[in-house]
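>>> A structural model of the following input is requested.
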Amino acid sequence: MQWSLYLLILMGQCCLFTCRLYEYHFIKENKSWSEAQRYCREKYTDLAKVFDMTDMSRLRNSAQNQGEAWIGLNNNTGGNRTWRWSLPGVEYIHNDSSWNQSGRTDKELPGNCGRKRYDNGDKKLADVSCDFTTWFICYDGMKKDNKTLHLIETPMNWTQAQSYCRYHHTDLASGLDQVDEEKMKALIKNEDFKFSAWVGLFRDSWRWSDGSNSSFRYWDMELFSDEQRNKKCAMTLLNRSGKWSSDECDKEKPFFCYDADKLILIKENKTWEEALNYCENNYKGLVSITNPEVQGWVQETAKDADSPYVWIGLSYRCTLGLWLWVSDYVVCYDKWATERKTEGCDMSAGVDRGGQHEWFSRRNNETYNFICSKQ
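Here you go, the predicted structure:
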């Protein structure tokens with residue numbers, strides 16, 4: 001009974017525990033985008049970046065007006081477009097074998113959004129105009145043990161499809177493991193069922209001030225006209241649900257900064273226990289990854305590691321038969337690599353330095369760099 005009660009308490013913490021590794025600061029002073037960037041870098045970390053809709057709510061809640069305010073997104077890239085996945089935390093890795101640009105139909109014009117065709121002859125991606133209307137595939141990842149795909153047989157353009165998926169599910173299907181996975185077979189009614197559908201792939205030339213790879217976009221498509229797209233700096237429209245548009249960078253506006261000095265990569269190779277003790281003695285502890293946003297921050301930090309994996313604060317507890325964070329929270333969010341999760345009394349989790357930065361079971365006596373949480 002004691003163990004059962006303890007497990008129920010732990011499971012309840014999934015809904016209660018969130019971890020945000022940075023804070024937003026609304027600055028009422030009117031400055032140009034560059035002046036705002038300089039101010040944020042001097043006093044905080046940088047102009048605000050946004051990872052997901054939770055961030056958007058936090059950003060709006062930190063403001064004291066209903067006007068326009070600069071954020072850290074800018075288009076000073078000379079038009080160099082980069083492919084991205086819509087779902088936060090999924091990094092785009094190019095694979096020529098996944099593409100078939102010449103596989104568009106006569107009605108499809110080349111463009112900056114990705115659709116997937118499912119039939120016996122062509123299961124590859126094509127770049128299509130985002131204004132084209134077609135079916136789309138949503139991903140629902142809210143339930144840990146029941147992550148599902150949904151084929152929506154209502155034609156929409158890419159932006160409408162993304163909004164629909166984010167409202168009703170989690171996001172458009174993102175990452176080759178989702179758009180190609182076995183669960184897609186359940187959506188295909190029979191062998192002769194052929195269709196094209198939007199997935200969460202898009203490309204743009206917008207970049208965040210701090211150089212991060214966050215793919216989250218929240219454009220107000222009613223205001224983000226062709227003329228607006230030629231303006232180089234992004235602002236949030238606080239009186240329009242916080243959605244984004246752009247303006248000339250020399251215009252003066254209030255702005256948002258973020259303060260994110262909450263993680264530190266220790267470039268020393270230690271066993272998991274040694275890493276745990278080091279972080280507890282010098283910082284708050286080994287980092288706990290409780291949502292895709294924190295995973296995104298860990299990914300950025302892990303890229304600079306000197307070892308193939310970096311330790312995080314997740315280990316297998318034999319007495320409970322569970323993977324638990326060092327803070328005793330159960331795993332509500334995970335990013336385990338396929339078939340790389342091994343349970344054992346001497347196992348803990350390491351994040352892959354490259355690729356999709358997935359989690360791998362590693363033996364505790366192996367030595368890697370590690371990430372500590374400062375707060």
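>>> What segments of the stretch 251-375 of the chain are strands?
253-259, 263-270, 285-286, 309-317, 322-325, 347-352, 359-363, 368-373 (DSSP state E, counting those that start in this stretch).
>>> Next, format these as TSV and append distance to S34 and mean neighbour count.
C-beta here means a position set from N, CA and C on the backbone, and glycine is covered the same way. Shown next, in TSV, are the strands of the stretch 251-375 of the chain (distance: least, CB to CB, whole Å; neighbours: other CB atoms under 10 Å):
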stretch	distance to S34	mean neighbour count
strand 253-259	11	23
strand 263-270	27	17
strand 285-286	38	24
strand 309-317	34	24
strand 322-325	41	19
strand 347-352	35	24
strand 359-363	39	18
strand 368-373	32	25
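>>> can you put the ones you listed in CSV and add distance to W85 and mean pLDDT?
Listed next are those as CSV, based on distance: least, CB to CB, whole Å; pLDDT from 0 to 100:
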stretch, distance to W85, mean pLDDT
strand 253-259, 22, 94
strand 263-270, 23, 92
strand 285-286, 28, 93
strand 309-317, 22, 95
strand 322-325, 26, 90
strand 347-352, 17, 95
strand 359-363, 18, 95
strand 368-373, 23, 94
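>>> Of those, which is nearest N100?
With CB to CB, the closest approach to N100 among those belongs to strand 347-352: 28.7 Å.
>>> how about the strands of the stretch 251-375 of the chain in TSV, adding distance to E68?
Formatted as TSV, these follow (distance: least, CB to CB, whole Å):
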stretch	distance to E68
strand 253-259	5
strand 263-270	31
strand 285-286	40
strand 309-317	39
strand 322-325	40
strand 347-352	38
strand 359-363	40
strand 368-373	34
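>>> Tell me which of those strands approaches W336 most closely.
Nearest to W336 among the strands of the stretch 251-375 of the chain is strand 359-363 (4.9 Å), distances taken as CB to CB.
>>> any weak-confidence spans in this structure?
1-21, 101-102, 120-123, 142-146, 180-192, 224-229, 328, 375 (pLDDT under 70).
>>> Helices of that one, residue ranges please.
In the chain, the helices defined using DSSP state H lie at 2-16, 33-43, 53-61, 158-168, 176-179, 226-229, 272-282, 292-302.
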